[in-house]
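[1] make a model of this:
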Amino acid sequence: MQVMQIEKICTDFIFSLKNSATNSLINFYKLVNSWPKFHLNICVQTVAFQVAFLGHK
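    The predicted model follows:
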């Protein structure tokens, strides 16, 4: 999986949280549960960046 794919999945997750948090969390957990740690680290950084970015708007 490419870094861009990971970033897109994780960014989409943030925006889906606004609509239905519970389903998003469950689906997201199922998806990333099998990812290697390296992928998860990229995802966490992407999420943190998006949250910080959205928080400053």
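
[2] residue 13: neighbour count?
    By the measure other CB atoms under 10 Å, the count of residues near residue 13 is 19. Backbone N, C-alpha and C define where each C-beta goes, glycine included.

[3] help me confirm that it comes into contact with residue 24.
    Yes: with contact defined as CB atoms under 8 Å, residue 13 counts as touching residue 24 (6.2 Å).

[4] tell me where the longest helix sits in the protein.
    Across the chain, the helix with the greatest residue count (assigned by DSSP state H) is helix 37-55.

[5] buried ones in that one?
    Of the residues in helix 37-55, those with enough neighbours to count as buried (16 or more other CB atoms under 10 Å) are 39, 42-43, 46-47, 50.

[6] can you tell me the centre-most residue of the protein?
    Against the mean C-alpha coordinate of the chain, by CA atoms, centre = their mean, the closest residue is residue 10 at 2.2 Å.

[7] pLDDT score assigned to residue 20?
    Residue 20 is assigned a pLDDT of 71 by the prediction.
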